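[1] Can you look at this prediction? I've put the sequence above it.
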Amino acid sequence: MQPFHYKAYSADGNHHKGLIEARDEIDANQKLLGSGLRPYAVQASKSTGSTFLKRLRDSESRQKLSSKELTKLFDSLFILLDSGFTLDESLLLVQQIESNTKLVGVFSKIRSSTSQGADFADALEKIVELHPSTCAIIGAGEASGNLASAIGNIARQQGERSHFQNEILSAVTYPIFLVCLLLIVLVLLSLNLVPALVPIFESSDTELPLLMNLLLGFGEMISSYGTIISTVLLCACIVCINGTARTWLKSNLFFILKQLPLLGPLLQRATAARYLTTLGALTESNVNLIESLSLSASVHGQSEESKLRDVARFVSEGKKLHTALAESGIFDGYIISMISIGEESNSLGKMATRAAVLLENRVKETTHRVLGALSPALTIVLGLLVGGLVLSVMTALLELNEVAIR
């Protein structure tokens, strides 16, 4: 929640202004409309020092779990709840059999909070660092008596995401090794081999081959600016460790990669798939459509979030969802058609989930093809570099030998 300044008119024409707590601008508008006001200006309030410190304390008090730990948390609870155990019994059993001390602490805090009367979704939100959409799905499932089903959906989504991340990590391990090897070879050639060969060419007034000139310049750059390069790399590592800076870097890197011919469409489909997965889960959990759209939009980086928030705003103003999605320019035509069918047949949640599965399959197929071609491509580049250097040096040396014989 964050404060928003608003200006609005009531039904009798009186002017009102003030401050309202809301999740985002759309949520603030919905709250004002629900209270009988017609807002014409809603703006996020600038954070004061006390607000900033409160958010900092809240973020520090919550546990940040890895993808693997989150999958384990939701899987364990789903299995027990689906087997007929109550929530309190499930939390106690998992706490007793869990070997991960961090998860044991999390389960203990959640059980302590729920035993004092707190809802499971509220306790989870205060104790574990989760996206609001996850808590909304659990809260809706808890309110409707389908908590096990809600946790099962989250466990499945978390498991699929974790599995896909592990596949990507396994696939890129060898290419990363090749890139590191390529850099090491370049540095060794630039700092040792090429400088040793330069005097031979200079003594015979023979021009250095182009590849040797390039490597020589690369070596001189490393020698002259090695300290600066090391400092920049160290600062980059520190920035990546920092959470806020990492989020900013991730958002800007996403924007840059999205402009590339092959990666752009791939990343856009991945964004669309995750959005539809979240939207499907929320709507199937009977969360309000406007709130579902708003929460789904906040799953993504800033580069796409503004467009997706516009979708929620357009729908709140009365526009059809499939029309708003088409105007965003993020979704393919067949996805828009599926959402349109879902709207007309009153099965938006199921249709959004099916559309997300189709997009995820296409993303996985394309990713596997790209990663499959990456290793051979890097191997060829490495071979061409080393082979080209050897060929250029040997050709130049043979020419020098012929000159010496004559």
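    Perfect, thanks for sending it. Bear in mind that the values here come from a model prediction, so they are computed numbers and not experimental data.

[2] quick one: buried residues of stretch 145-154?
    146-154 (16 or more other C-beta atoms under 10 Å). For the C-beta atoms, the positions are set from N, CA and C on the backbone; glycine is no exception.

[3] With pLDDT, distance to residue 309 and secondary structure added, can I get those residues in CSV?
    Below are the buried residues of stretch 145-154 laid out as CSV (pLDDT from 0 to 100; distance: C-beta to C-beta, whole Å; DSSP: H, G, I helix; E, B strand; the rest coil):
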residue, pLDDT, distance to residue 309, secondary structure
146, 82, 28, coil
147, 85, 29, helix
148, 87, 32, helix
149, 85, 28, helix
150, 84, 25, helix
151, 88, 28, helix
152, 87, 29, helix
153, 83, 24, helix
154, 85, 23, helix
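
[4] Save those as CSV, and put in distance to residue 167 too.
    Output for these, formatted as CSV (distance: C-beta to C-beta, whole Å):
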residue, distance to residue 167
146, 31
147, 30
148, 28
149, 27
150, 26
151, 24
152, 22
153, 21
154, 20
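
[5] ok, those residues vs residue 83, which is closest?
    Nearest to residue 83 among the buried residues of stretch 145-154 is residue 148, at 9.0 Å by C-beta to C-beta.

[6] tell me the contacts of the closest residue to the closest one other than its chain neighbours?
    Excluding the flanking residues, the one nearest residue 148 by C-beta to C-beta, 6 or more residues apart in numbering is residue 81, at 3.8 Å. By C-beta atoms under 8 Å, 6 or more residues apart in numbering, the residues touching residue 81 are 87, 90, 147-148, 151.

[7] go on, residue 229?
    By C-beta under 8 Å, 6+ apart, residue 229 lies in contact with residue 222.

[8] 6 Å - rerun?
    Applying C-beta atoms under 6 Å, 6 or more residues apart in numbering to residue 229 gives no contacts.

[9] could you give me the average pLDDT of the lengthiest helix in the chain?
    When the chain is parsed with DSSP state H, its longest helix is helix 348-405. Per-residue pLDDT over helix 348-405 has a mean of 79.

[10] elements contacting it?
    helix 147-188, helix 210-241, helix 263-284, helix 333-344 (3 or more C-beta pairs under 6 Å, 6 or more residues apart in numbering; DSSP states H and E).

[11] quick one: which of these is nearest residue 366?
    Comparison of those against residue 366 by C-beta to C-beta identifies helix 263-284 as nearest, at 5.4 Å.

[12] Export that closest one to CSV, keeping only CA atoms.
    Presented in CSV, the C-alpha positions along helix 263-284 are these (Å, rounded to 0.1, in the frame of the first residue of the first chain):
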residue,chain,number,x,y,z
LEU,A,263,15.1,-12.1,-28.6
GLY,A,264,12.5,-9.3,-28.8
PRO,A,265,9.6,-11.5,-29.9
LEU,A,266,10.7,-14.3,-27.5
LEU,A,267,10.7,-11.9,-24.5
GLN,A,268,7.4,-10.4,-25.5
ARG,A,269,5.8,-13.9,-25.7
ALA,A,270,7.3,-14.8,-22.3
THR,A,271,5.9,-11.5,-20.8
ALA,A,272,2.5,-12.3,-22.3
ALA,A,273,2.5,-15.9,-21.0
ARG,A,274,3.3,-14.9,-17.5
TYR,A,275,0.7,-12.1,-17.5
LEU,A,276,-2.0,-14.5,-18.8
THR,A,277,-1.0,-17.2,-16.3
THR,A,278,-1.4,-14.8,-13.4
LEU,A,279,-4.6,-13.4,-14.8
GLY,A,280,-6.1,-16.9,-15.3
ALA,A,281,-5.2,-18.0,-11.7
LEU,A,282,-6.6,-14.8,-10.2
THR,A,283,-9.9,-14.8,-12.2
GLU,A,284,-10.4,-18.6,-11.5
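
[13] Specify the angle between it and helix 348-405 in degrees.
    Interaxial angle, helix 263-284 versus helix 348-405 (axes from the mean of the first three to the mean of the last three C-alpha atoms, to 10 degrees): 160 degrees.

[14] tell me what helix 263-284 is packed against?
    Judged by 3+ C-beta pairs under 6 Å, 6+ apart, helix 263-284 is in contact with helix 132-144, helix 289-297, helix 348-405.

[15] Pull the residues that contact the second one.
    Translated: helix 289-297. 24, 26, 132-133, 136, 275, 278-279, 282-283, 305, 308-309, 311-312, 316.

[16] Any buried residues in it, and which?
    Going by neighbour count (16+ other C-beta under 10 Å), the buried part of helix 289-297 is 289-297.

[17] now do stretch 187-202
    Applying 16+ other C-beta under 10 Å to stretch 187-202 flags 189-191, 193-195, 197, 201 as buried.

[18] Now the terminal residues of that stretch, how far apart.
    Taking C-alpha to C-alpha, to the nearest Å, stretch 187-202 runs 22 Å from one end to the other.

[19] hmm, who's touching it?
    208, 212, 215-216, 218-219.

[20] Just give me the closest of those to residue 261.
    Set against residue 261, the nearest of those by C-beta to C-beta is residue 218 (27.7 Å).

[21] tell me the contacts of that closest one?
    residue 190.

[22] With residue 141 instead?
    Residues near residue 141 by C-beta under 6 Å, 6+ apart: 147, 150, 285.

[23] rerun at 8 Å
    Contact analysis of residue 141 by C-beta under 8 Å, 6+ apart lists 147-151, 285.

[24] How about residue 98?
    76, 104, 107.

[25] if we can go back for a sec, dump the contacts of residue 81 into a markdown table; add distance to residue 225 as well.
    Shown next, in a markdown table, are the contacts of residue 81 (distance: C-beta to C-beta, whole Å):
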| residue | distance to residue 225 |
| --- | --- |
| 87 | 59 |
| 90 | 58 |
| 147 | 58 |
| 148 | 59 |
| 151 | 53 |
